[in-house]
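> sharing a model prediction with you, sequence too.
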Amino acid sequence: MICRIVETPIDMGELMKHVEEDEVGGVCSFTGLVRNHSRGQKVTHLEYHAYPGMAEKKMRQVAEEIEERFGVTRLALEHRVGTLKIGEIAVGIAAASAHRDASFKACRYAIDRIKQIVPIWKKEFGEDGAVWVEECPVDAETA
Amino acid sequence: MICRIVETPIDMGELMKHVEEDEVGGVCSFTGLVRNHSRGQKVTHLEYHAYPGMAEKKMRQVAEEIEERFGVTRLALEHRVGTLKIGEIAVGIAAASAHRDASFKACRYAIDRIKQIVPIWKKEFGEDGAVWVEECPVDAETA
Amino acid sequence: MRVKVLCFAWAREVTGEDEIELEIPDGGTVADLRARLGEEFPPFSNRMESIAVSVNQEFAGDARGIAAGDELALIPPISGGLA
Amino acid sequence: MRVKVLCFAWAREVTGEDEIELEIPDGGTVADLRARLGEEFPPFSNRMESIAVSVNQEFAGDARGIAAGDELALIPPISGGLA
């Protein structure tokens, strides 16, 4: 299992290879890319910042929840931090299982749950300056 | 858009690259691999056979349905035919969209729908001989 | 009229051929094709409902008419994309 | 007691520091921490409910007690994994 914050480009092929093995019938992956627009504004680049230590700890929690809910243990979660250009990969997920349903559910849960509980922040830089994107206030009861 | 039957190995990286562009925020992929077991039997290898012409035609229909339902046009569908070994990729799908929900829905719909309407057959070779896998009788009304 | 019918997978094993010829009435339908198929190849009779028929690469219901020169095929239950 | 509190993202811009120090009662709770934070840095008062607090790298409710040496942090709304 991979759960890590990285400062270098994310290699989806590596994540997908990591979860494969002979018993695996399906691999679902999700690649989150930096878009060239956001809420009507043109974006030039982004900065991602993480709370070191806690971010990886909460990613491991996401992986544990996925094992409990879907029985999926072959999982790779990677989130990049630092300055990212348009089209670069911010987050990469791969989930493998014997049957396809569990791999889809695990992958979808991973990206949704990372958004809820992993302390990472995005600062968008556009023509009108920079802004912190604040999407999800953390609910301490369910995080 | 890619919709094709191939006789050579499927390259997921190529499919995922194909659907990316600057407006894309999320890419969901599904890789269907040959498993080493099937319904309790050990599998040594597989053969996939397609109805030439009709198989690609029905894959294009799947792509059209995905555009209608989810508005997703950046799509790559590839299915391999011929003899495949354990761990090789039988089917590869990549779907991209500005937001992640549509990419997941498109990818999931693609694999489910391919199973329903694309005339491809799998013959499994195991220790006890070979058997045609017959999963989905086609319903002419909905195909 | 005499029509050619492509056979795939299990259907190919039953007929022993990639393509068979069947005699159906002029202006016949997919239902006529099925009836003739069951007579010539009894193994199909027991599982006719699991075999789909395509006409010109589209799945066709039993009422679909067949014209000379149509591309016809027997489509056993499919198993592509499985995982 | 005097506690150190890590600041991230928007919270870091409000305090101007990666880490601040606050005085809270011995045996105090996250609620005490929030009260003190609002006094020292008024911009937090208006949006205190959108800031989460973590204690030793776990999110903590207001009733959670704080001990000397705990690793404390202010967690503004997060935006990782967005797409």
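Arrived safely, thanks for sending.

> is C:Asp32 part of a helix or strand, or is it coil?
helix (DSSP: H, G, I helix; E, B strand; the rest coil).

> repeat for the one 5 residues further on
When the structure is split into helix, strand and coil by three-state DSSP, C:Leu37 lands in helix.

> and A:Glu78, that's in a strand?
Yes: under three-state DSSP, A:Glu78 sits within a strand.

> what about it, distance to B:Pro119?
Distance of A:Glu78 to B:Pro119, given as Cβ to Cβ, to the nearest Å: 38 Å. Every residue, glycine included, has its C-beta placed from N, CA and C.

> quick one: the nearest residue to A:Thr142 once chain neighbours are set aside and B:Val19, what's the gap?
Ranked by Cβ to Cβ, 6 or more residues apart in numbering or on different chains and with sequence neighbours excluded, the top spatial neighbour of A:Thr142 is A:Gln116, at 7.7 Å. Distance, A:Gln116 to B:Val19, using Cβ to Cβ: 27 Å.

> with neighbour numbers in mind, choose between these two.
More neighbours surround B:Val19 than the other of A:Gln116 and B:Val19, with 25 against 18 (other Cβ atoms under 10 Å in any protein chain shown).

> C:Arg34 - how many residues pack around it?
Applying other Cβ under 10 Å, we find 20 residues neighbouring C:Arg34.

> C-alpha coordinates for the strand or helix carrying C:Glu13, CSV please?
Using DSSP states H and E, C:Glu13 maps to helix C:9-15. Written as CSV, here are the backbone C-alpha positions of helix C:9-15 (Å, rounded to 0.1, in the frame of the first residue of the first chain):
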residue,chain,number,x,y,z
ALA,C,9,-18.1,-18.6,-30.0
TRP,C,10,-20.4,-21.4,-28.7
ALA,C,11,-22.6,-21.1,-31.8
ARG,C,12,-19.5,-21.7,-34.0
GLU,C,13,-18.8,-24.9,-32.0
VAL,C,14,-22.3,-26.1,-32.5
THR,C,15,-22.3,-25.6,-36.3
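
> other SSEs contacting it?
Judged by 3 or more Cβ pairs under 8 Å, 6 or more residues apart in numbering or on different chains; DSSP states H and E, the packing partners of helix C:9-15 are strand B:120-126, strand B:129-133.

> give me the next element, helix or strand, following that helix.
strand C:19-23.

> would you mark the buried spots in that following strand?
C:20, C:22 (16 or more other Cβ atoms under 10 Å in any protein chain shown).

> one step back: contact partners for the residue nearest to A:Thr142?
The neighbours of A:Gln116, taking Cβ atoms under 8 Å, 6 or more residues apart in numbering or on different chains as the test, are A:136, A:138-139, A:142-143, D:78.

> for A:Ala143, see how far away it is.
A:Gln116 is 7 Å from A:Ala143, where distance means Cβ to Cβ.

> cool, A:Gly25 as well?
Taken as Cβ to Cβ, the span from A:Gly25 to A:Ala143 is 33 Å.

> the residue nearest to A:Thr142 belongs to a helix?
Yes: according to three-state DSSP, the state of A:Gln116 is that of a helix.

> quick one: it from C:Leu72, how far?
54 Å.

> try C:Glu49
Separation of C:Glu49 from C:Leu72 (Cβ to Cβ): 18 Å.

> of these two, who's got more company?
Between C:Glu49 and C:Leu72, counted using other Cβ under 10 Å, the more crowded position is C:Leu72 (21 against 8).

> what residue, apart from its backbone neighbours, is nearest the residue nearest the centre of chain A spatially?
Note on chain A: the residue nearest the mean C-alpha position is A:Val91, at 3.8 Å, using Cα atoms, centre = their mean. Using Cβ to Cβ, 6+ apart and skipping the chain neighbours, the partner closest in space to A:Val91 is A:Gly32 (3.9 Å).

> hang on, the earlier thing: pick the one among the contacts of A:Gln116 closest to B:Gly71.
Comparing these against B:Gly71 with Cβ to Cβ picks out A:Cys136 as the nearest, at 24.8 Å.

> can you check the pLDDT for the closest one?
Looking at A:Cys136, its pLDDT reads 78.

> and it, bridged to which residues?
Note on A:Cys136: beta-bridge partners by DSSP bridges are D:Ile78.

> and A:Gly87, how many neighbours?
14.

> that one and B:Gly25, how far apart?
Noted for A:Gly87: a distance of 10 Å to B:Gly25, by Cβ to Cβ.

> next up, the contacts around the residue lying closest to A:Lys57 once chain neighbours are set aside.
Of all residues beyond its chain neighbours, the one nearest A:Lys57 is D:Gln57 (5.3 Å), with distances taken as Cβ to Cβ, 6+ apart. D:Gln57 is in contact with A:51, A:53-54, A:57, D:71, D:73, counting by Cβ under 8 Å, 6+ apart.

> is the worst-scoring helix or strand of chain A on mean pLDDT in proximity to chain B?
Across the helices and strands of chain A, mean pLDDT, DSSP states H and E gives its lowest value to strand A:37-38, namely a mean of 74. Yes: using Cβ under 8 Å from any Cβ of the partner chain, a contact is recorded between strand A:37-38 and chain B, made by A:His37.

> what residue in chain C comes nearest to chain B?
C:Gly80 (2.7 Å; Cβ to the nearest Cβ).

> can you pull the contacts of that residue?
Counting by Cβ under 8 Å, 6+ apart, C:Gly80 has contacts B:48, B:50, B:55, B:79, B:90-91, B:114-115, B:118-122.

> run the last query once more with 7 Å
B:48, B:79, B:91, B:114-115, B:118, B:120, B:122 (Cβ atoms under 7 Å, 6 or more residues apart in numbering or on different chains).
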